[in-house]
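need a 3D model of the following:
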Amino acid sequence: MRAFCAVRFSQLSLLSRPLVSSRLQLSFPVKLFSCQAKYAADSGLDGSVSLRVVSPTLLAAEKEEAKAILTLFLKKQGLSNAVAARTINKSDLFIEHLVSRLHSVHKSRYLVGRELTTLEIRDALIPYLESLREEHGNILVDVVENFPDPPLKEKAVVPSPPHLPSPSSLDNKKLKAISRVSEADPAGKLPPHIVYLLELGMTLEHIKGITRRFPAFAYYSLEGKIKPVVEFLLDLGVLKNEIPIILNKRPQLVGISLSENIKPTMRFLEKLGVDKKRWAKVIYRFPAFLTYSRQKVKATVDFLYEMGLSEESIGKILTHCPNIISYSVEDKLRPTAEYFRSMGVDVAVLFHRSPSTFGLSIEAHLKPITEFFLERGYSMEDVNIMISRYGALYTFSLAENLIPKWNFFLTMDYPQAELIKFPQYFGYSLEERIKPRYARMRECGVQLLLNQVLSLSAGDFEKALTKKMGKALPDKAEA
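Down below sits the predicted model:
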């Protein structure tokens, strides 16, 4: 009889033992374990949910969800991908413990045969993992790997390179998931949810690619998760051929409850100003938008208010640049805002005009562009004006955009101050707009303002050239 061991990390007392061996037994809390047999609930002994009533498919899906959540949690604690993967592969008993905990926390859901959503699983496990981290600090990995036994830690020695998990152990769960989505049953039929996805226009290779990145995708049920969400997206106006793109970007979206998570989240975001008529475009642009917690969204919105943006502006930002929610307020948005503020830029205006600028690296992207203009004779005030007039200026690549266009600008008969007046110059295609228009103007033998050369429509550009040439003729006659 295999038992799931549910460890209680509270009600603890410290052990104090003499140290005699080369390995150090940490002063570690005594753990009280209550091992619950799988059939215990059937006998009515403890009132917990019997794992016998949970289908193997659902149990496998929950394990994958628990692994994904634990992996993300470990990475947030500073572990590398390799170390986090190694820990996961050594933590089967802890994963089973997490699943057992889900069954205990959401006992009533299982009794009525209802599946948990990704958000419900996350909300149940993350606070628990946080409590373990607060209790055990930097030995949390040892707690996870050695569960249910107390962890051992080596004496301080010169660290050796970490042992990377073998490719076979790393890929084991992925191979199982891929096998589930790609292998036909004895009758030669693929799983129903895979057939449905193929009918939406996805290819089997596409589905397998998603599964490699997110193995839990293989275990989502058709009627319970995938189909309701897809039909809801289609009703919103998302095109059928956009569904595969959305699922590729954020496969977790179809693992979330439509009635308990997605719709309430949308109503919450609409109250913050998201245009309900543009949901199809918002979701297509950034499907992860609906998977973030309200706390995360609210933290970003509160920061935007702090920066001086109006409610209307925030609504437009969330509608047109929803991925701003993915940026960390303290690690990304605030430092970037402080950088531009130090330059004298009106941060609220820049946020409104080009919110994507705040997702760029200060050291690798923003500072080099500032230095680029300063090195070419512009003052910080000039740069400030250029940003204020064209917020997207800093979103361009230095090597692929700014430098080539600057080099061509030097061949044009314009003073450098023209770029202060019209920094939008850098937003036009060099080969398809700038060079042809400039060549046409030179051919006519006249000079237009830079913004006239580039911003006018083809018809208006020709009219401006004709008008300028008409004025030039009397001048030549008088000369």
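
ok, and the closest non-adjacent residue to residue 95?
Counting by CB to CB, 6 or more residues apart in numbering, residue 66 is the residue found nearest to residue 95 once chain neighbours are left out, at 5.3 Å. Every residue, glycine included, has its C-beta placed from N, CA and C.

burial count for the one you found?
Using other CB atoms under 10 Å, the number of residues around residue 66 comes to 25.

isn't it right next to residue 98, touching?
Yes: contact criterion CB atoms under 8 Å: residue 66 and residue 98 qualify, at 4.3 Å.

joint contacts of those two?
Counting by CB atoms under 8 Å, 6 or more residues apart in numbering, the shared contacts of residue 66 and residue 98 are residue 125.

one step back: which SSE is the residue nearest to residue 95 in?
Using DSSP states H and E, the element containing residue 66 is helix 56-76.

what residues sit buried inside that helix?
Buried residues in helix 56-76, defined by neighbour count with 16 or more other CB atoms under 10 Å: 58, 60-71, 73-74.

kindly report the same for stretch 413-427.
414, 418-427.

TSV please, covering these and showing pLDDT, secondary structure and distance to residue 376.
Output for the buried residues of stretch 413-427, formatted as TSV (pLDDT from 0 to 100; DSSP: H, G, I helix; E, B strand; the rest coil; distance: CB to CB, whole Å):
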residue	pLDDT	secondary structure	distance to residue 376
414	95	coil	14
418	96	helix	13
419	97	helix	9
420	97	helix	12
421	96	helix	16
422	97	coil	16
423	97	helix	13
424	96	helix	18
425	97	helix	14
426	97	helix	13
427	95	helix	18
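
of these, closest to residue 286?
Comparing the buried residues of stretch 413-427 against residue 286 with CB to CB places residue 427 closest, at 22.3 Å.

taking helix 56-76 as reference, get the angle to the host helix or strand of residue 130.
In this assignment (DSSP H and E), residue 130 forms part of helix 118-136. Relative orientation of helix 118-136 and helix 56-76, computed by axes from the mean of the first three to the mean of the last three CA atoms, to 10 degrees: 50 degrees.

kindly format the C-alpha coordinates of stretch 439-459 as PDB.
C-alpha atoms of stretch 439-459 as PDB (Å, rounded to 0.1, in the frame of the first residue of the first chain):
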ATOM      1  CA  ALA A 439      15.600  61.400 -54.600                       C
ATOM      2  CA  ARG A 440      12.300  62.600 -56.000                       C
ATOM      3  CA  MET A 441      12.700  66.000 -54.300                       C
ATOM      4  CA  ARG A 442      16.200  66.400 -55.700                       C
ATOM      5  CA  GLU A 443      15.000  65.500 -59.100                       C
ATOM      6  CA  CYS A 444      12.600  68.400 -58.900                       C
ATOM      7  CA  GLY A 445      15.300  70.700 -57.800                       C
ATOM      8  CA  VAL A 446      13.500  72.100 -54.800                       C
ATOM      9  CA  GLN A 447      13.800  71.800 -51.000                       C
ATOM     10  CA  LEU A 448      10.900  70.900 -48.700                       C
ATOM     11  CA  LEU A 449      10.900  70.600 -45.000                       C
ATOM     12  CA  LEU A 450      11.900  67.200 -43.800                       C
ATOM     13  CA  ASN A 451       8.400  66.500 -42.300                       C
ATOM     14  CA  GLN A 452       6.800  67.400 -45.700                       C
ATOM     15  CA  VAL A 453       9.100  65.000 -47.500                       C
ATOM     16  CA  LEU A 454       8.100  62.000 -45.300                       C
ATOM     17  CA  SER A 455       4.800  62.600 -43.600                       C
ATOM     18  CA  LEU A 456       2.700  63.700 -46.600                       C
ATOM     19  CA  SER A 457       0.700  61.200 -48.600                       C
ATOM     20  CA  ALA A 458       2.000  60.400 -52.100                       C
ATOM     21  CA  GLY A 459      -0.500  62.700 -53.700                       C
END
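
please identify the buried residues of it?
Buried-residue list, stretch 439-459, by 16+ other CB under 10 Å: 441, 446, 448, 450, 452-456.

tell me which of these fall in helices.
With helices taken from DSSP state H, the overlap with those comprises 441, 450, 452-455.
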